[in-house]
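# no letters, just coordinates:
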């Protein structure tokens, strides 16, 4: 109606210039900054930030403690399982998770190697130099 026509006329005349001037920022920007400053509560924001940092630190400490507990429980279970699994021979065996050593697993094999070589070489006799000499392993250490 009539009111819409009047509003349209105002927009064509002064309204568009007035709105454009406001949007340029000369008068709008200071008003926005003033409204932000009026709403700002730096002490409350700092307290909230500190609470958040404290909660993050507590959560990190809790997660670390939980991880240590889980790791210790797993270690205890493995020790118990190892105690129950007494090897029947000196053959190589895997850890609790690696039954029968199906997968590659690094572990010290020096003791096993010494025992195996001692057992296999003990009493071994070889002819050398086309039979002119005999080599015998007696006290393998």
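Now that the structure is in, tell me what you want to look at. All values reported here derive from a predicted model rather than from experimental measurement.
# use CA for all of it now, contacts and neighbours both
OK.
# quick check: residue 2 vs residue 9, distance?
11 Å (CA to CA, to the nearest Å).
# ditto for residue 120
For residue 120 relative to residue 9 (CA to CA), the value is 110 Å.
# ok so, going back, neighbour count winner among residue 2 and residue 9?
For residue 2 versus residue 9, neighbours defined as other CA atoms under 10 Å are more numerous around residue 9 (12 against 7).
# secondary structure element holding the more buried one?
Using DSSP states H and E, residue 9 falls within helix 2-10.
# what's the offset of that helix from the middle of its chain?
66 Å (CA atoms, centre = their mean, to the nearest Å).
# quick one, the next helix or strand after that helix and helix 2-10 angle?
Counting by DSSP H and E, the next helix or strand C-terminal to helix 2-10 is helix 16-23. Using axes from the mean of the first three to the mean of the last three CA atoms, to 10 degrees, the direction of helix 16-23 lies 70 degrees away from that of helix 2-10.
# so how far is helix 16-23 off the chain centroid?
55 Å.
# kindly report the same for stretch 5-14.
Here stretch 5-14 is found 64 Å from its chain centre; the criterion is CA atoms, centre = their mean.
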